[in-house]
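[1] pasting the sequence and the predicted coordinates here, then a few questions.
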Amino acid sequence: MAAPTLARAPQRTAKPQKHSVDHPSRLRRRIRENLTAYAFLGAGLICFALFSWYPIVRGILLGFQQVTFARPSTWVGWENYQRLFDDPLFATAWKNTGYFTLLALVFGFVAPFATAVVLNEFRHARSYLRMTVYLPVMLPPIVTMLLWRWFYDPGPGLFNNVLEMFHLPAQQWLESENLAMVSLVLVSTWANMGTTTLIYLAALGSIPGELYEAAELDGASIRQRLWHVTIPQTRFILMITLLLQIIGTMQVFVEPYVLTGGGPNDATVTVLLLLYRYAFVYNDFGMASAMSTVLFIVLGLFAAVYLRLTRSKG
Amino acid sequence: MSAPAERTLIAPTEMNRRAGRLLYRFVLVLTVVGFTLAFVFPLYWMASGALKSSAELADPNPTLLPQSWHPESYSEAWTNVGLGQYFLNTLLLAVGAWLTQVIVDVAATYALSRLRPVLGNVVLGMMLATLMLPVSALLVPTYLTVTDVPLIHANLINTPWAIWLPACANAFNIFILKRFFDQIPGELLESARLDGAGPVRILWSLVLPLSRPVLAVVSIFAVVGVWKDFLWPLLVLPDPARQPITVALNRLAEFMPANQLLAGMVMASVPLLVIFLIFQRHIIAGLTAGSLKG
């Protein structure tokens, strides 16, 4: 999670350096201080250089190369991109990912906000409710997926049993083309809504009570207060989490990887699942990198909006 | 239990009316029951499922309580399937990632925040800029880097370093540590310096003890992050003997008896749930600190 405002934090003024050139001893001290500082910084610098900055550059370059482990990589220009855009699965993957993101927003955006608004009114059981909603977030995602795969199981699965209890027809949760993606979004929402709910709760807690009082004196009903006080007051947080959620859900991987493997009939092949296949199933690292770059550009657009929002707010 | 009410959406007068009170009770009970069913019950179902016999698990009519108790599925999963080994692998990865992250990131942030070297702000800016990057876009190049680290040409695949070192390049840690270190009054550190304390000593005896809350946040997130991770260890630890329990569970899920698989899932979850129950406050504080303020 990012909060880029720090970059703009007021910098403490540097020590005056005017005379350092005149006094060799002072210059020496500055050099020594800098050496000490870089000794502390060294390991972090190396880690960032090797595992963050260098891969960024390399990832872009790899998109234009054919990568084989036996021989040095060769430059192939836009060929990877061409093959990528020619692959019908590429369009499918983006369509599926867009659908997942949309559904995840419908469930995962509205549900936590509604939950937070309700929880914020309670004077009882507050810590219990906060704790329980966050429990799934603490489970390893793979456990969540295996657990839900068991729930979705058409045989002894819990969900169809519950449906049966209410005399409703059993569903092919993961096996039906129409339902598979919805099932993935359900798991994902269950697993992640704790985080968003707690963030909204914090935002709701910081709304000044006088605003509600004033609105009440003006004769605003509960619904009007929600619409004219609660939502405007939390709009900024809502926007931020919306963008973060889009960025997060566009990178969905574990859900389709474990639950459906992309099926049925490619209905749940997502961008990251396809990227994984290119790289680690077909060993086509060039094509996978081209895909990473596309993903990076698309998500970069959302990140840019996010950055603008947080800046203008500061 | 009722706390002094700060004013929220619904007015106290509305709450105190008879209909309001009834509605409040109703919604409260509904929410408590709903949350318990939605978020606690699945965990109970997992833990109790592990105690059932295989036949009972496969029965299309599930039972709320195990008909016969089979606590041995836990010990069988631990020893026979070798989940104990995978559990210890995870522990090693998590503890190592915690240590390396705390050492590397605290030292780096201390330098950037208090020692302020030349070009320090550029370095900080470049580190924080990586917060904007989607992790998955770096998956392939980082993987290739791990298979052949530049300059030293080491292959980190199947070594814990493949988990530990990339985890250190964590701009979120730098971000929250920096915010905390910046708040430590400069006079305090200056007077220690005049007393002859070197930078290491100032860091160890002054900055670290003052930073306990933020260190707790960084530590918890480091351990939890590695413990939950799946895709990265799946890629860089292909040797089954070295895999963490998350990767092993997925690999073994097809072959293991259902009750032992469930037992394994409980084992993979319990440490995180314990951490959560102990450090709830820190986790929620870190969560909101990371996403809201600023």
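    Yes, it's here.
[2] list the buried residues for the helix or strand where residue B:278 lies?
    Assessed by DSSP states H and E, residue B:278 sits inside helix B:258-291. Judged by neighbour count using 16 or more other CB atoms under 10 Å in any protein chain shown, the buried positions of helix B:258-291 are B:258-269, B:271-272, B:275-276, B:279, B:282-291. Using the backbone N, CA and C atoms, a C-beta is placed for each residue, glycine as well.
[3] and the most centrally placed residue in chain B, what does it touch?
    Centroid-nearest residue in chain B: residue B:224, 1.9 Å away (criterion: CA atoms, centre = their mean). Residue B:224 makes contacts with A:138, B:272, B:275, as judged by CB atoms under 8 Å, 6 or more residues apart in numbering or on different chains.
[4] follow-up on the earlier one: now the helix holding residue B:278: mean pLDDT?
    For helix B:258-291, the mean per-residue pLDDT is 85.
[5] close to chain A, is it?
    Yes - judged by CB under 8 Å from any CB of the partner chain, helix B:258-291 and chain A are in contact via B:258, B:261-262, B:265, B:268-269, B:272-273, B:275-277, B:280, B:283-284, B:287-288, B:290-291.
[6] tally of neighbours for the residue in the stretch 1-150 of chain A positioned nearest to chain B?
    Nearest residue of the stretch 1-150 of chain A to chain B (CB to the nearest CB) works out as residue A:44 at 2.9 Å. Residue A:44 sits with 27 neighbouring residues when counted by other CB atoms under 10 Å in any protein chain shown.
[7] swap in residue A:56?
    The local packing of residue A:56 (other CB under 10 Å) involves 17 other residues.
[8] so it, which state does it fall into?
    helix (DSSP: H, G, I helix; E, B strand; the rest coil).
[9] how close does it sit to residue B:135?
    Distance of residue A:56 to residue B:135, computed by CB to CB, to the nearest Å: 12 Å.
[10] the strands in chain A, which residues?
    Using DSSP state E, the strands of chain A run over residues A:65-66, A:74-75.
[11] export these to TSV and tack on distance to chain B, mean pLDDT and mean neighbour count?
    Output for the strands of chain A, formatted as TSV (distance: least, CB to the nearest CB, whole Å; pLDDT from 0 to 100; neighbours: other CB atoms under 10 Å in any protein chain shown):
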stretch	distance to chain B	mean pLDDT	mean neighbour count
strand A:65-66	11	84	18
strand A:74-75	15	82	10
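[12] ok so residue B:51 is a helix residue?
    No - Residue B:51 is assigned coil when assessed by three-state DSSP, not a helix.
[13] tell me who's in contact with it.
    Going by CB under 8 Å, 6+ apart, residue B:51 touches B:66, B:69, B:70, B:71, B:73, B:259.
[14] if you rank these by neighbours, which is first?
    Neighbour-wise, the contacts of residue B:51 (other CB under 10 Å) top out at residue B:73, 28 neighbours.
[15] on that earlier part again, ok, so of the contacts of residue B:51, who is nearest chain A?
    residue B:259 (11.4 Å).
[16] residue B:54 is in contact with the closest one, correct?
    Yes - Residue B:259 is within contact range of residue B:54, at 5.8 Å (criterion: CB atoms under 8 Å).
[17] could I get the pLDDT score of whichever residue of the stretch 101-250 of chain A sits closest to chain B?
    Closest to chain B within the stretch 101-250 of chain A is residue A:209: 2.7 Å, counting by CB to the nearest CB. pLDDT, residue A:209: 85.
[18] quick check, the residue nearest to the centre of chain B in a helix?
    Yes - counting by three-state DSSP, residue B:224 is located in a helix.
[19] quick one: buried residues of stretch B:84-101?
    Buried, per 16+ other CB under 10 Å, within stretch B:84-101: B:85-87, B:89-94, B:96-98, B:100-101.
[20] enumerate every residue touching residue B:123.
    Neighbours of residue B:123 in contact, by CB under 8 Å, 6+ apart: A:41, A:45, B:112.
[21] export these to a markdown table and append columns for pLDDT and distance to residue A:168.
    A markdown table is the format used below for those (pLDDT from 0 to 100; distance: CB to CB, whole Å):
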| residue | pLDDT | distance to residue A:168 |
| --- | --- | --- |
| A:41 | 91 | 61 |
| A:45 | 94 | 59 |
| B:112 | 93 | 59 |
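[22] which non-adjacent residue is nearest residue B:257?
    Distances taken as CB to CB, 6 or more residues apart in numbering or on different chains place residue B:54 nearest to residue B:257, at 5.3 Å, with adjacent residues excluded.
[23] tell me the spacing between residue B:186 and residue B:206.
    Taking CB to CB, one finds residue B:186 at 12 Å from residue B:206.
[24] so residue A:46 versus residue A:74, what's the distance?
    Residue A:46 sits 30 Å away from residue A:74, taking CB to CB as the criterion.
[25] kindly report the same for residue A:32.
    With CB to CB as the criterion, residue A:32 and residue A:74 are 48 Å apart.
[26] cool, residue B:272 as well?
    When distance is defined by CB to CB, residue B:272 is 45 Å away from residue A:74.
[27] again with residue A:167
    Noted for residue A:167: a distance of 64 Å to residue A:74, by CB to CB.
[28] need the contact list for the nearest residue to residue A:256 once chain neighbours are set aside.
    Nearest non-adjacent residue to residue A:256, counting by CB to CB, 6+ apart: residue A:268, 4.5 Å away. Residue A:268 is in contact with A:96, A:180, A:181, A:184, A:256, A:259, A:260, A:262, counting by CB under 8 Å, 6+ apart.
[29] ok, residue A:115 next?
    A:133, A:193, A:197, A:200.
[30] format those as a markdown table; extra columns: distance to chain B and neighbour count.
    Compiled in a markdown table, these are given as follows (distance: CB to the nearest CB, whole Å; neighbours: other CB atoms under 10 Å in any protein chain shown):
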| residue | distance to chain B | neighbour count |
| --- | --- | --- |
| A:133 | 6 | 24 |
| A:193 | 9 | 24 |
| A:197 | 10 | 22 |
| A:200 | 10 | 22 |
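[31] rewinding a little: report pLDDT for the residue nearest to the centre of chain B.
    92.
[32] give me the distance between it and residue A:51.
    In terms of CB to CB, residue B:224 sits 20 Å off from residue A:51.
[33] one more: residue B:95?
    Shown here: residue B:95 relative to residue A:51, a distance of 20 Å by CB to CB.
[34] could you show me where the strands are in chain B, in order?
    Going by DSSP E, chain B shows no strands.
[35] re earlier: what is the nearest of the contacts of residue B:51 to residue A:103?
    residue B:259 (33.4 Å; CB to CB).
[36] look up the closest residue to that closest one, ignoring the ones flanking it.
    residue B:73 (4.2 Å).
[37] distance of that neighbour from residue A:117?
    Using CB to CB, which is the criterion applied here, residue B:73 is 42 Å from residue A:117.
[38] what's the burial count for residue B:208?
    Residue B:208 has 14 nearby residues by other CB under 10 Å.
[39] so it sits against residue B:103, correct?
    No - in this structure, residue B:208 is not within contact of residue B:103 by CB under 8 Å, at 11.2 Å.
[40] where does the stretch 1-150 of chain A dip in pLDDT?
    A:1-22, A:70 (pLDDT under 70).
[41] which stretches in it count as helices?
    A:24-48, A:54-62, A:79-86, A:88-121, A:126-138, A:141-152 (DSSP state H, counting those that start in this stretch).
[42] tell me which of the ones you listed lies nearest to residue A:308.
    The nearest among these, by CB to CB, is helix A:88-121 at 20.1 Å.
[43] so who does residue B:140 touch?
    Contacts of residue B:140 (CB under 8 Å, 6+ apart): A:59, A:62, A:275, A:279, A:285, A:288, A:289, A:292.
[44] quick check: chain neighbours aside, which residue is closest to the second one?
    To tie it back to what came earlier, the one meant is residue A:62. residue A:289 (3.6 Å).
[45] and if you look at the first one?
    Closest residue in space to residue A:59, ignoring its immediate chain neighbours: residue B:141 at 3.8 Å, by CB to CB, 6+ apart.
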